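> What follows is a predicted protein model with its sequence.
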Amino acid sequence: MEMTGRHFVKFTFLKLDSSWRRRDPADRARDKAEFAAACNDFAEDHFLRAYSLVGTRGDADLMVRCSAPSLDPIHELHVVLNQSGLMRWADVAHSYLALTKPSPYSEEPTPLEPRPGAEAKYLIVYPMWKKREWYQLPSEERMRIMRGHIAVGRRYGSIEINTAYSFGLDDQEFVVSFNADQPGEFLDLVQELRGTESSAYTESETPIFTCISASVERALDALDGETVPAVQA
């Protein structure tokens, strides 16, 4: 059943076996082309973005972020991806599933589907858990604390936050992602947030992934430094 306006969001982080890079270039090109075809087919009707983590993480090389009003298309996408040659050489290093919903703390409208214009150079992603003490606070107290948190974030207007909820769907409670063109600005934001009252109620917000936005093809090319040749008719 689809939930009007709300979207499931899936973040899949892949790590390639180093032996894949020693395969014949034609085999690697075919592996990448199969993977790209599955992603681009899904993207015709749903939201999909690819990101490279080459040079920013040691435990992941590629991230696929996809979204749909129901879980079925996301499931089908990953079934098809698993059929690609690339996935025979890849492990899912991290995987996060979440659902968009309105924020209880902000009066600003919360996008319940991916923002079409959010195409910043970087997407910074992490899973998040709150301490159980947070949920025992009266709602008015939580609202007061979060207003201070939100006020800090508004001082960094170039950074756009996307919060999705995982309660009962996955291990984490939230998946938080930020569109940013300047990672240093995001560093300053997070450092300032450490001093807010809300930070004391954070249980965990790691691992943190700095993802470089790219087309599916460019993200795949970064895996071995070779461009996928055009498919011959």
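Okay, I see it. In this text the structure is predicted, and so the values were computed from the model without any measurement.

> where's Arg154 relative to Ile161, distance?
Using CB to CB, to the nearest Å, one gets 10 Å for the distance from Arg154 to Ile161. C-beta coordinates here come from the backbone N, C-alpha and C atoms, glycine included.

> Neighbour count: these two, which is higher?
With neighbours defined as other CB atoms under 10 Å, Arg154 and Ile161 compare such that Ile161 has more, 17 against 9.

> Leaving out chain neighbours, which residue sits closest to the more buried one?
Residue nearest to Ile161 in three dimensions, not counting chain neighbours: Phe178, with 5.6 Å by CB to CB, 6 or more residues apart in numbering.

> now do Phe209
Distance criterion CB to CB, 6+ apart; nearest residue to Phe209, sequence neighbours excluded, is Val125 at 4.7 Å.

> Show me what the helix ranked longest in the chain is packed up against.
The helix spanning the most residues in the chain, taking DSSP state H as the definition, is helix 25-43. When contacts are defined as 3 or more CB pairs under 8 Å, 6 or more residues apart in numbering; DSSP states H and E, helix 25-43 packs onto strand 47-52, helix 71-83, helix 216-224.

> List the first helix or strand encountered after the second one toward the C-terminus.
Scanning forward in sequence from helix 71-83, with DSSP states H and E defining helices and strands, the next element found is strand 90-99.

> which outside residues touch that next one?
Strand 90-99 is contacted by residues 3, 6-17, 20, 59-60, 125, 127, 164-166, 169-170, 172, 174-175, 207, 209 when judged by CB atoms under 8 Å, 6 or more residues apart in numbering.

> just how off-centre is stretch 160-172 within its chain?
In terms of CA atoms, centre = their mean, to the nearest Å, the gap separating the centre of stretch 160-172 from the centre of its chain is 11 Å.

> now stretch 212-227
Between the centre of stretch 212-227 and the centre of its chain there are 17 Å (CA atoms, centre = their mean).

> That one spans what distance, first to last residue?
According to CA to CA, to the nearest Å, stretch 212-227 extends 17 Å from its N-terminal end residue to its C-terminal end residue.

> rewinding a little: check contacts around the residue nearest to Ile161.
For Phe178, the contact set (CB under 8 Å, 6+ apart) comprises 123-125, 159-162, 186.

> Make sure it is indeed in a helix.
No. Counting by DSSP: H, G, I helix; E, B strand; the rest coil, Phe178 is located in no helix; its state is strand.
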